[in-house]
Structures are given as C-alpha cells and as structure tokens.
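J.: pasting a predicted model and its sequence here:
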There are 4 protein chains.
Amino acid sequence: MPKIGMEAVRKNALIHATIAEIGEAGTLEVTVSQIARRAGMSSALAHHYFGSKEKMFLETMRFVLRQYGKAVRSNLKTARTPQERIRAITDSSFDSSQFEREVIGAWLNFYVRALRSDETRRLLQVYARRLQSNLLFDLRKLMDSDSAEMAAQGLAALIDGFYIRAALQDDVPDRERIKSMVGDYLNFWLEKVSHG
Amino acid sequence: MPKIGMEAVRKNALIHATIAEIGEAGTLEVTVSQIARRAGMSSALAHHYFGSKEKMFLETMRFVLRQYGKAVRSNLKTARTPQERIRAITDSSFDSSQFEREVIGAWLNFYVRALRSDETRRLLQVYARRLQSNLLFDLRKLMDSDSAEMAAQGLAALIDGFYIRAALQDDVPDRERIKSMVGDYLNFWLEKVSHG
Amino acid sequence: MPKIGMEAVRKNALIHATIAEIGEAGTLEVTVSQIARRAGMSSALAHHYFGSKEKMFLETMRFVLRQYGKAVRSNLKTARTPQERIRAITDSSFDSSQFEREVIGAWLNFYVRALRSDETRRLLQVYARRLQSNLLFDLRKLMDSDSAEMAAQGLAALIDGFYIRAALQDDVPDRERIKSMVGDYLNFWLEKVSHG
Amino acid sequence: MPKIGMEAVRKNALIHATIAEIGEAGTLEVTVSQIARRAGMSSALAHHYFGSKEKMFLETMRFVLRQYGKAVRSNLKTARTPQERIRAITDSSFDSSQFEREVIGAWLNFYVRALRSDETRRLLQVYARRLQSNLLFDLRKLMDSDSAEMAAQGLAALIDGFYIRAALQDDVPDRERIKSMVGDYLNFWLEKVSHG
DNA sequence: AATGAATGAGTTTTCATTCAT
DNA sequence: GATGAATGAAAACTCATTCAT
C-alpha cells in the first residue's frame, strides 16, 4: 500500500471540514480558521495547500459536484428504459448522500457564491447543463423537443425548489415523498404528451 | 441642507439602496457604507435611522414582503373561481416587480440570512405559511385534503426553484413561460384528481 | 416676577441632568445625547449653551462644588468653637445632599476627569486647598502647626476614602457612622497633642 | 520574526503597556491601539491574544492585584505580633511597587470600571474582602469585635483616601509619612480600646 | 511539511459636533 | 431660541493572508 501523499490527505480533510462546518454552523460565513481547526490543522496550512479561501471553496464545490455525478452514474447503471434513466437522474439529488443537511448547506453556499464568483458560476453551469442535456436526451425519446425542453426545465426547478426549501424551512416532505412528487411531475408530462 | 420629515425619506432611500446594491453588486456581502453611499448619505446616518445593519436588512425584507403581499392582493381582486385565485397567487411571484434581478437578489439574501437570524427566519416563515394556507384554502375546494397539501408543496417548490434559477442561471424561461408552466403543474393536479 | 432667561433654565436643567445621568447610569461614560434627552432637549441645544461636552462637565463640577461650599458655610453658621467648626466642615461631605449616590458619582467623575483635564484638576485643587486652609485655620488653634498639617491631611484622606468606598463597595458604614468615625479621628489627634 | 512561546511574552508586554499607558497618558480612556503600539505590536495581535479589550483589562487587573498580594505576603513574613501583621498589611499599599503613579492610575481605572463591569467589581471585592478579613483577624486579637470592625473600615478608608489623593493631587505626604500616619491611626484605636 | 506569529485592510458602530432652517 | 439632520473621526473587533522558522 503506497503511502498517500500528505497533500491529498490534507486537502481531503479540509474539503470535508468545509462541508461539515457550513452544515453545522448553519451559516455560510465560515472562516478559514474554523475550517482548518475542524480539519485539525492551522489556517496557514490550509492556505499553503489551496492558495486562498476562494480556491478552497472551489475545490470543495468540485468535490460535491463530483459526488453528485457519481450518484447519478451509479443510479443510471441499472436503468434500462428512458423513463428509468430520467428517474435515476432526478432521484440522485435526493439520495441520502446528497440530501444531508450539510451537503444542502454546501450547495446553497455555492449558489450564493455563484452570484459574484465567475468561476463558481461557470462550474455550476457546466454541471447544470450536463444534467439538462442528460435529461433532454432521454426526454426527447418520450416526447417532442419543445415539451422535452420544458419538462427538463420544470424538473430542474422542482428539484432546486425542494432542495432550497429543505435547507430553509421546516415543514417539507421527506426524501421519499419528494422523489415520488418529482416522479409524478414526470408522469404528468408523459400523460400530457400522450393524451394531448 | 436638513429638512423636516427626512426620516421617512432617508429610510426609504436606504431600503431601495439595499435592494439595488445587492442586485447590482451581485453579492450579498454588501456593507452599510456601500448602501449608504448609494443612498447618498454617510453610513453614520444609516445607523442613526436604523440602529444597526441587521435592523436595516429586516426593514428591507419587510418592504419586499409587503410588496409581494400587495402584488398578491392586487392579482386576487379580479379572481373569481378557486382556480383563478390559485393562479393569481402563483403568478404574483413572477410579476415584473417581483421578478427583477435586484428583487430576486434581495430574496436570496433573506433566504441566506434566515439560516442564522431567528427574526429573519420567523418573518420569512410567516409569509411562507400565509401563502401556503391561502393556496390550501382554494386547492381544498378542488381536491381532497391530502392532494391539496401535496399540490401546495409542489407549487411552492416549483416557484422557489424557478426563482432561484432566475437569480443564478442564464438559460431560464421567461416570466410568461414560467407562469404557464406553473399553471400547467396546477392543471396536472386537477386532472389527476378528476381522472384518478 | 421677572421671567427667568431661558439660558439659565436650560443650563440648570442640563447640569442636573448630568448629575442624574451619571448617578443613575452608574457609569461615567455618559453621552451628551443621553444628558440632553433627560433634560428634555436636543443635544444640539446643549452644545449651543455650553459650547462643548467638556465645558458642560466643568459647569456641572462648579455647581457641585458650589453646593458643597454652601453646605459647609451653612454648617459653619452655628459653630462656635474651633472644634465645632472642624466638625462642621468634615460633616458637610456627608450631608445627605452631598452623600447621595448621584452626587458621589459626579464627584468620582471629576476625580477621573482631573487626571487629564488641566482645568478640572485646577478647579478641584482650588476647592481642596480652600478646604484644607479652612481646616488648618481651626486646627492650628488646637495644636502645633505640624500636627495640624498632618491632621488636615488625614481628615481629608479619610473623607475621600469613605467617599470612594461608598461609590464602589457595598459594606460601607452609613452616613452617621462615618461622621462619628471621622469625629473620632479628630479626637484622636486632639488627645494625642494634649497627652503627647 | 515569529518565535515560539511568544504568547506569554506578548501578554506580559501588553499588561505592562496597559499599566504604563494609563499612568503616563494620565487618562483612563486608553485605546487598544495605543496600548498595542506601546507594546510594540498591532492592535490585532492584542485582540488575538486577549480576545477583547475587557479581557485584557481584567488580566491587567489580576496582575496588579497579584502584585499587591505578593507585597502583602512578603511583608507579613517578618511580622510576629498582631500589631506587626496589621502594619505589614497596611504598609503594603504604599510599597514603592504599589505606590507608583502608574500603578495608582491602574487601580483608579479598576475602581471606575468596577462601576459597570460585574466581573471587575467581583474581582475587586474578592481582594477587598480578603484584605478586610486579614485585618479583622489580627485586630480582633487586640480589641473587641465592634471596634475591630470599625478600625478595619477606617484603615481601609484612610488607605484608599491617601491612594486616590496621591493620584489626583500634588501636595500629598510622601510614602513614609503616609505609612506613619496610617500607623498612628491604628495606634489611636489601640489606645482608645485600652483607655476607654 | 507545518505552524505560531503577525498584520493590514476592512467592518460595524458610536458620538461629539456642526449647520441649515 | 431650538432642533432635526448630518457627518468625520475614531473605536473595538475580525479575518484572510503572509512569513520566519
């Protein structure tokens, strides 16, 4: 077993600490010192590895997005029909790994940072578009292109909406309920295009 | 050039400057100085009138919520059937006054502040619940209570989702398109309960 | 009855408000605004009449010192023997008008201000010396000059000590007890010089 | 040029700078920046080490009280009789280390802060009571309990009075003179109870 | 590699003071 | 005479970042 370089270990620890700190502190205004302390090192070392707070947050974001990508790919493995594939994609946002308070906090953080950080926004959009095009690919097999476009937009909005409400409000349906409601929305579209 | 009755004028100017600054600067981390400068006064005066940054933001939030409440009430005036009333309520979020980039930025600011400020969260929840109960009141006339509950949750999530996407992404449907998609979602529910 | 000029009325109100504010707030860091509000006027008017906070405090100090002077003179009226005169002087510091929490607070304020304000220190010293020379005048009739000097110093220190302790500590003897202890101290000196 | 173990060094420097600044500047309204500059560092570092101005002042107070405690204990070492012990205690306040203008300024600062800071008052009272009970312990061996109580109160007031006068006035007896006058006061009491 | 030490730049907040009316 | 309006200057405090070791 090759010894893992300290760099990777440290960066990893900091990324997880960033997510944990945002989630636990319940605020996006976390300091580098807080994060570093949680990761068991000095803030100076955090800077040493990441160069800046901004870059550390970006790496954390990449990590979270990668996790999400993995969840999607994993769910897609057993999906056969287009419908199953769409469900696999939409369900991924509410997998337990994605739907933990901490991860939701991290996502919200990215959303807010994206308001002013070009790089954050770019990163977020790359993933958003990839998700959209995946959805579209399968939706188009089930309906006309215009409908597919709208269904994709609607699905994405519904997912984001449930996500943000989970972060900010109390009386929100649980994971399974949400998944089934998103599934219903997809069915609505399928029925609409078949009956219409 | 001091004049009488400036308090209302100044407070108003500061509230609008807060919204404008958040919207234009594209960040939620605005300082009192920035806002005061935009409103054409010193930061000391802003503190003089509001007491603290927190209170200034709370007042701004109340203003935005009041604006939203007005939009809802105005739209409800011509609504006759439950269906029309529901449409009136959901459409209000996408009225031009609500759907400007600056106002969306302000809303996002409140969402994020609600993460740690009890008073902000309370204020937001008061409005959210009022909205929910209004929707439920009319939805229950059209479907069973369980369905109404879910439809209300779904509508709220869809609205929030479109809202946040409008703030953060580029390729988002325009206002009218969104309104019609939210309307479609309502129709889905109405058909479901009538056919089911 | 000639109408008293507003200036005198206002100044008087501000001086009393200064004393009251220091006494009640229990701190020396009172603001001009607080004082002016208590006196029922704007802080701007306070500045109009006094020119500056410093000057307002100096006037207040003069007032308190004048009150003290009056108390001394009043007590001296009925005093016949040197001993009675000395008692009259020392007792004055503990007259009810002088020994109220508010007045003690004001005195303490002057002591502290005297640390950096030359004019305050000068004012305080003028009164202190006048008091000392009054005491000395009578003490010298009862003892040699050196003893008189020391007795005067000791009496003054004892008075100041009880005064500051009354402001800062809880378990301090009451007024009458203090008067009698100061009287005892004087008697000690008288006995010392007669027996020695 | 960072070195290890600087915390103790820096804190120490800041404590001494606090005392020096109060003493030399001749005012109690010293800023953290002034103190930090005198101690040769940035105000940020002062905050880093002490957390707040309040805490820095409290630490300084503890230091001064500790110094005073040391002086008392040192003086008590050679004291054999109750009378000698009392003298040892009362003399300690006028040891050169305690009676420097700067230290007196620091004490006065604490007195004033005690007006509003609960923790400061508590700290001050702890020491005051310890001193009182030490005095009482020995005084009771020499006189009845009531007299001992009064003698202790009188001694404390006399000490405080000389102390504050030394801080604020010019024509005050020197250290040795004061010590002997306090000693005289004790003797007065001893004679009183033996002759009375 | 790792960190304690250190700070500059910036944030909110306070307040004595000034001024037009 | 009186005040609301307004501000500059300064306060305490925070934090990302740098650096010597």
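T.: Looks like it came in fine.
J.: all helices in chain A, in order from the N-terminus.
T.: Assigned by DSSP state H, the helices in chain A fall at A:6-25, A:32-38, A:43-50, A:53-77, A:82-92, A:101-114, A:118-139, A:145-168, A:175-195.
J.: in the shortest one, what counts as buried?
T.: Burial within helix A:32-38, assessed by neighbour count using 16 or more other Cβ atoms under 10 Å in any protein chain shown, is assigned to A:32, A:34-36, A:38. Where C-beta positions appear, they are placed from N, C-alpha and C, glycine not excepted.
J.: circling back to that earlier point, ranking the helices of chain A by mean pLDDT, which is last?
T.: The weakest mean pLDDT among those belongs to helix A:101-114, with a mean of 83.
J.: burial of A:Tyr111, as a residue count?
T.: By other Cβ atoms under 10 Å in any protein chain shown, the residues close to A:Tyr111 number 25.
J.: please name the residues that touch it.
T.: By Cβ atoms under 8 Å, 6 or more residues apart in numbering or on different chains, A:Tyr111 lies in contact with A:124, B:108, B:164, B:168.
J.: adding distance to chain C and neighbour count, write those out as TSV.
T.: As requested, these are exported to TSV (distance: Cβ to the nearest Cβ, whole Å; neighbours: other Cβ atoms under 10 Å in any protein chain shown):
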residue	distance to chain C	neighbour count
A:Leu124	49	20
B:Leu108	37	22
B:Ile164	44	22
B:Leu168	45	21
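J.: near DNA strand E, which residues of chain A are found?
T.: Neighbours of DNA strand E within chain A, by Cβ under 7 Å from any atom of the strand: A:6-7, A:10, A:41-45, A:48.
J.: just to revisit the earlier point, and of the buried residues of helix A:32-38, the nearest to DNA strand F?
T.: Relative to DNA strand F, the closest of these is A:Val32; by Cβ to the nearest atom of the strand it sits at 3.7 Å.
J.: which one is the closest one nearest to, not counting chain neighbours?
T.: A:Ser43 (4.8 Å; Cβ to Cβ, 6 or more residues apart in numbering or on different chains).
J.: please apply the same query to A:Arg38.
T.: Nearest non-adjacent residue to A:Arg38 (Cβ to Cβ, 6+ apart): A:Ala17, at 4.1 Å.
J.: give me the neighbour count for the one you found.
T.: A:Ala17 has 22 neighbouring residues, counting by other Cβ under 10 Å.
J.: wait, what's in contact with it?
T.: A:35-36, A:38-39.
J.: let me know the closest of the residues you listed to A:Asp118.
T.: For those, the closest approach to A:Asp118 (Cβ to Cβ) belongs to A:Ile35, at 22.9 Å.
J.: ok, the closest one touching A:Leu14?
T.: Yes: at 6.4 Å, A:Ile35 and A:Leu14 qualify as touching, with contact defined as Cβ atoms under 8 Å.
J.: now the common contact residues for the two.
T.: In contact with both A:Ile35 and A:Leu14: A:46, A:56, using Cβ under 8 Å, 6+ apart.
J.: any idea how many residues pack against A:Ile19?
T.: Other residues within reach of A:Ile19, judged by other Cβ under 10 Å, total 23.
J.: not counting residues beside it along the chain, what's closest to it?
T.: Distance criterion Cβ to Cβ, 6+ apart; nearest residue to A:Ile19, sequence neighbours excluded, is A:Ala106 at 4.8 Å.
J.: burial check on that neighbour, number of neighbours?
T.: Residues lying near A:Ala106 (other Cβ under 10 Å) number 25.
J.: same thing with A:Val103?
T.: Residues lying near A:Val103 (other Cβ under 10 Å) number 21.
J.: what's the closest of the contacts of A:Ala17 to chain D?
T.: Comparing the contacts of A:Ala17 against chain D with Cβ to the nearest Cβ picks out A:Ala36 as the nearest, at 15.3 Å.
J.: against chain C, how distant is the closest one?
T.: Going from A:Ala36 to chain C by Cβ to the nearest Cβ, to the nearest Å gives 38 Å.
J.: what's the answer for A:Pro82, then?
T.: Distance, A:Pro82 to chain C, by Cβ to the nearest Cβ: 71 Å.
J.: and what of A:Tyr185?
T.: A:Tyr185 sits 59 Å away from chain C, going by Cβ to the nearest Cβ.
J.: show me what contacts the residue in chain A that chain C sits nearest to?
T.: In chain A, the residue that lies nearest chain C is A:Glu29 (31.0 Å; Cβ to the nearest Cβ). With contacts defined as Cβ under 8 Å, 6+ apart, A:Glu29 has no neighbours.
J.: and what of A:Ala156?
T.: With contacts defined as Cβ under 8 Å, 6+ apart, A:Ala156 is in contact with A:128, A:131-132, A:135, B:161, B:165.
J.: top of the residues you listed by neighbour count?
T.: Sorting these by how many neighbours each has (other Cβ under 10 Å) puts B:Gly161 first, at 24 neighbours.
J.: so who does it touch?
T.: Contacts of B:Gly161 (Cβ under 8 Å, 6+ apart): A:156-162, A:164.
J.: cool, A:Asp184 as well?
T.: B:154, B:188, B:192.
J.: nearest to chain D among these?
T.: When the contacts of A:Asp184 are compared for distance to chain D (Cβ to the nearest Cβ), B:Gly154 wins out at 49.4 Å.
J.: present the contacts of A:Ala17 as a markdown table; the columns should include distance to B:Ala88.
T.: Output for these, formatted as a markdown table (distance: Cβ to Cβ, whole Å):
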| residue | distance to B:Ala88 |
| --- | --- |
| A:Ile35 | 46 |
| A:Ala36 | 51 |
| A:Arg38 | 48 |
| A:Ala39 | 51 |
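J.: farthest-separated two in those residues?
T.: So, those by Cβ to Cβ: farthest apart are A:Ala36 and A:Arg38, at 7.2 Å.
J.: and the residue nearest to A:Val32, how far is that from D:Tyr49?
T.: Using Cβ to Cβ, to the nearest Å, A:Ser43 is found at 16 Å from D:Tyr49.
J.: okay, the two: which has more neighbours?
T.: D:Tyr49 (19 against 16).
J.: hang on, that one packs against D:Leu14?
T.: Yes: between D:Tyr49 and D:Leu14 a contact is recorded at 6.9 Å, counting by Cβ under 8 Å.
J.: burial measure for the residue of chain A found nearest DNA strand E, as a count.
T.: With Cβ to the nearest atom of the strand, the shortest gap between chain A and DNA strand E falls at A:Ala44, namely 2.9 Å. Around A:Ala44 there are 10 other residues, counting by other Cβ under 10 Å.
J.: likewise the one 3 residues further on?
T.: Around A:His47 there are 15 other residues, counting by other Cβ under 10 Å.
J.: could you do A:Glu100 as well?
T.: A:Glu100, neighbours per other Cβ under 10 Å, totals 14.
J.: if I look at it, how far off is A:Gln67?
T.: 11 Å.
J.: am I right that A:Ile15 is in contact with A:Phe57?
T.: No: here A:Ile15 lies out of contact with A:Phe57, judged by Cβ under 8 Å, at a distance of 9.6 Å.
J.: with neighbour numbers in mind, choose between the two.
T.: Taking other Cβ under 10 Å, A:Ile15 and A:Phe57 do not tie; A:Phe57 has more neighbours (25 against 22).
J.: and that one, what is it in contact with?
T.: Listed by Cβ under 8 Å, 6+ apart, the contact set of A:Phe57 reads A:18, A:109, A:113, A:120.
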